[in-house]
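Undergrad: sequence first, then the predicted structure, then my questions.
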Amino acid sequence: MAQTTETGPTEDEMADSDDDDFSGGAPLMERPPSPHLAALGEKARDYARSARSENTRRAYEADWRHFAAWLRRQGLDPLPPDPQTVGLYLAACMQESPGRPALSVSSLERRLSGICWRYRQLGAPLDTSDRHISTVLAGIRRAHARPPAQKEAIFADELLAMMATLEMDLRGIRDRAILAIGFAGGLRRSEIVGLDCGPDQTEDGAGWVEIISGADISSASKNDGGALLQISGKTGWREVEIGRGSRPETCPVALLETWMRLGRISHGPLFRPIARKNGGVSPERLTDKHVARLVQKTALAAGIRGDLTEGERRLAFSGHSLRAGLASSAQIEEAHVQKHLGHASAEMTRRYQRKRDRFKVNLTKAAGL
């Protein structure tokens, strides 16, 4: 049983409320639907599939395959859904064996969400409130739950060291821009690669960027301008402002402008693959896995957290390290950081802050001790 990695969906994506299958109920009429209704049905299915990210769907499909394989080994059928069988499966997932570590509680909960998702698609919802599931899951949480593992935050000086390990060719310029924009924008890796050069340019875009010069800003608030990002994230649309830095070689906006100019990027996906043979820029979009690999590779090359083994360092860093680095570095009011990151609550923002002024509110002294 493979250990689930962080690339799977987060708790926000586990919600069981939206059904990805748009099968509807009983037919409204016996005769075949008109071409217009058939087209609407296909469009509705497309919207339903878009309710979850591609990463979430892939993870849920893998969860169901694992569960179905376990059922086959036990000689059991997947239908109808049996809460007692699911409870036994959850217990089996927590058993360690050589080469198969037990799942973490969060990974187990995600796997249960994937099973529920598939059963809803099959038109046979699974009752997770049944005692055979809820009691087993409560016992697993009590026995095995641990604080969530957090990726290492990357701070500004460490980011500069990482960028210095990259070549000054087109690929290196692109990757510098990715690291700088990801850090300064506090972006998720899917948000970085989901950017387009402008609005309504691609079907799979998750936002766009607009470069604003100082001349475009009113004289009452004169400054150097920057990059304005419109991001479609998990909590809806948000606007992210990235101001210019003090030096062109480290300024996120200047690096982005250089990449767009040299890569001849003026329409469509902002960050794209580069062919190894001829160095040409592809019209396709980079995947979010590139961001994770880039952060890991450059963090290793820069010697960050040299007290850890190489294997531990690979696990310590991911695309989220950029986001956590900004949240931990920004010395401004917490509400501004929360808005910038697009968090629904201040508590979520605090989870990202690896270094903050703890014990500033001292209830012990306030109580008179």
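TA: Happy to help now that I have it. Residues are numbered from 1 along each chain as shown.
Undergrad: my guess is I304 meets D157, correct?
TA: No - I304 lies out of contact with D157 (CB atoms under 8 Å); the separation is 9.8 Å. Quick note: C-beta positions are derived from backbone N, CA and C, even for glycine.
Undergrad: of those two, give the one with the bigger neighbour count.
TA: Neighbour count, other CB atoms under 10 Å: between I304 and D157, I304 has more, with 21 against 10.
Undergrad: check contacts around that one.
TA: E152, I154, E158, A161, M162, R313, F317 (CB atoms under 8 Å, 6 or more residues apart in numbering).
Undergrad: which elements pack onto the longest helix along the chain?
TA: Determined from DSSP state H, the single longest helix within the chain is helix 54-74. Helix 54-74 sits against helix 83-93, helix 105-121, with contacts defined as 3 or more CB pairs under 8 Å, 6 or more residues apart in numbering; DSSP states H and E.
Undergrad: that older thread, switch the contacts of I304 over to TSV; also include distance to L326, neighbour count and secondary structure.
TA: Shown next, in TSV, are these (distance: CB to CB, whole Å; neighbours: other CB atoms under 10 Å; DSSP: H, G, I helix; E, B strand; the rest coil):
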residue	distance to L326	neighbour count	secondary structure
E152	14	21	coil
I154	9	30	coil
E158	12	21	helix
A161	16	17	helix
M162	14	27	helix
R313	21	18	helix
F317	15	24	coil
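Undergrad: deepest in the core, which of the helices and strands packed on helix 54-74 is it.
TA: Most buried of the helices and strands packed on helix 54-74 by mean neighbour count (mean count of other CB atoms under 10 Å) is helix 105-121; its value is a mean of 21.
Undergrad: now that helix, how far from the chain's geometric center?
TA: With CA atoms, centre = their mean, to the nearest Å as the basis, helix 105-121 stands 18 Å off its chain's centre.
Undergrad: pLDDT of that helix, averaged?
TA: Averaged over helix 105-121, pLDDT sits at 92.
Undergrad: what's it packed up against?
TA: Contacts defined by 3+ CB pairs under 8 Å, 6+ apart place helix 105-121 against helix 54-74, helix 83-93, helix 131-144.
Undergrad: which stretches of the protein form strands?
TA: Listed from the start of the chain, the chain has strands (DSSP state E) covering 195-196, 207-213, 225-233, 236-243.
Undergrad: out of these, which gets nearest to N278?
TA: strand 195-196 (24.6 Å; CB to CB).
Undergrad: rounded mean pLDDT for that closest one, please.
TA: 95.
Undergrad: which residues does it contact?
TA: Strand 195-196 has contacts (CB under 8 Å, 6+ apart) with T202, G205, A206, G207, W208, V209, L229, G268, P269, L270, F271.
Undergrad: can you tell me how far the third one is from A59?
TA: Distance check for A206 against A59: by CB to CB, to the nearest Å, it reads 18 Å.
Undergrad: cool, thanks, talk later.
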